[in-house]
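K.L.:
Below are the sequence and a predicted model for it; my questions follow.
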Amino acid sequence: MPKQYGGKHLTIAAMAGGAFVAAAFGAVGFAIVGLGWFDVAASSPHSRLVYWITHTTMVRSVQAQSRSVVAPRRFTAAQAARGFRAYDGECVMCHGGPGVPRAPWVSGITPTPPYLLDAAHEWTPSQLKIIISNGLKMTAMPAWNVRHPDAQTWDIVAFVEQLRGMTPARYAQMRHDLRNRTARAQNGRQ
Amino acid sequence: MKRRNNRLQMQAVLLCAALTACGRQGPSPRADILGSVDQGAIEIDRSACGSCHIIPGIPGADGLAGPPLDRFAGRTMVAGLLPNTPDNLALWIARPQEIVPGNVMPDSGLSVAQARNIAAYLDSLH
């Protein structure tokens, strides 16, 4: 009989404790969402905790999404060349290139877009494809599938794969060649 | 099992934070003359230095395109070319293309003050 009595007390204590924890979480949640405790200003960096939570969430989500994405077994030089045209037109301002800085205002974005000279080491082709096509919420990365169908996105992945170990001279040469080709095409049309 | 993993990860994060806190022995006198160590950490984050360099104390700074910058205060040379003095370091950070034209690190448009803050941070890594 006393044993049962003690059990009841424990149950009541556990329920009270649970209610208290729930109330505390609720109060903190309300303060963050309702009272403006979380600083959304991009002018200050994420705290270490928020960085860890958001970054880990992003990495795990990309890994999960990319599992069903089958990458081409190999990329061709033609694919990478087409990818360069897109990269130099649309990606380089935020992500820079070998010896090429990002646009000056990009350092004002939080989290700030990374240089991608190392991206092929950090991400698989399928993961790069998912990031480019679907974009990343709560970063400045748009979902490029609004502009590029899948085949073009794989071209960009092909180029990003080549970025690893690309020299500034090679990047400059590719820019030069692209400009010449564009100029010739325009002259041809006139 | 999954929860245990998460707890382990959390402990690892806390341990890393504690270790980095111990690893940085505060700004050296040299660093103080250069600029603000704390502001330097912010400039490093904003400039995305960590996408190419491993930099202790900067979240996510694990890039492998350039050399790791740990224990920078003790390094003898900057870019393998200049003696690692505060002024040389700040100069290299602000204008790497003027010092080694055609190298992979871009002139990212940092002001002298910003470059000196970054140099101060690197100079605090013992």
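P.N.:
Good, I have the coordinates. Residues are numbered from 1 along each chain as shown, chains lettered A, B, ... in the order given.

K.L.:
so A:Thr56 is in which element?
P.N.:
Using DSSP states H and E, A:Thr56 sits in helix A:48-66.

K.L.:
Just confirm yes or no for that helix near chain B.
P.N.:
Yes - applying Cβ under 8 Å from any Cβ of the partner chain, one finds helix A:48-66 touching chain B at A:Arg48, A:Tyr51, A:Trp52, A:His55, A:Thr56. Using the backbone N, CA and C atoms, a C-beta is placed for each residue, glycine as well.

K.L.:
neighbour-wise, which of those residues leads?
P.N.:
Within those, most neighbours by other Cβ atoms under 10 Å in any protein chain shown means A:Trp52, with 18 neighbours.

K.L.:
what's next to the helix holding A:Thr56, contact-wise?
P.N.:
Helix A:48-66 is touched from outside by A:45-46, A:111, A:123-124, A:126-127, A:129-131, A:134, A:136, A:138-139, B:9, B:13, B:17, B:59-60, with contacts defined as Cβ atoms under 8 Å, 6 or more residues apart in numbering or on different chains.

K.L.:
Only the buried residues of that helix, if you could.
P.N.:
Residues A:Tyr51, A:Trp52, A:Thr54, A:Met58, A:Val62, A:Gln65, A:Ser66 are the ones in helix A:48-66 that count as buried (16 or more other Cβ atoms under 10 Å in any protein chain shown).

K.L.:
what's the answer for stretch B:107-124, then?
P.N.:
Here stretch B:107-124 shows B:108, B:110, B:114-124 as buried, counting by 16+ other Cβ under 10 Å.

K.L.:
What of stretch A:74-83?
P.N.:
Buried residues in stretch A:74-83, counting neighbours by 16+ other Cβ under 10 Å, are found at A:Phe75, A:Gln79, A:Ala80, A:Ala81, A:Arg82, A:Gly83.

K.L.:
quick one: contacts for the closest residue in space to the first one that isn't next to it in sequence?
P.N.:
So the one you mean is A:Phe75. Excluding the flanking residues, the one nearest A:Phe75 by Cβ to Cβ, 6 or more residues apart in numbering or on different chains is A:Ala158, at 3.6 Å. By Cβ under 8 Å, 6+ apart, the contact set of A:Ala158 is A:Phe75, A:Thr76, A:Gln79, A:Ala80, A:Arg82, A:Gly83.

K.L.:
ok, 10 Å please
P.N.:
By Cβ atoms under 10 Å, 6 or more residues apart in numbering or on different chains, the contact set of A:Ala158 is A:71-72, A:74-84, A:87, A:125, A:128.

K.L.:
distance of B:Val100 from A:Ser133?
P.N.:
37 Å (Cβ to Cβ, to the nearest Å).

K.L.:
neighbour count winner among these two?
P.N.:
Neighbours per residue, other Cβ under 10 Å: of B:Val100 and A:Ser133, the larger number sits with A:Ser133, 21 against 14.

K.L.:
Tell me the spatial nearest neighbour of that one, not counting adjacent residues.
P.N.:
Using Cβ to Cβ, 6+ apart and skipping the chain neighbours, the partner closest in space to A:Ser133 is A:Asn145 (4.4 Å).

K.L.:
A:Thr110 too?
P.N.:
Excluding its sequence neighbours, the residue lying closest to A:Thr110 (Cβ to Cβ, 6+ apart) is A:Ala42, at 4.2 Å.

K.L.:
now the helices for chain B?
P.N.:
For chain B, the helices defined by DSSP state H occupy B:2-23, B:29-34, B:37-46, B:86-94, B:96-99, B:112-123.

K.L.:
Cool, thanks, talk later.
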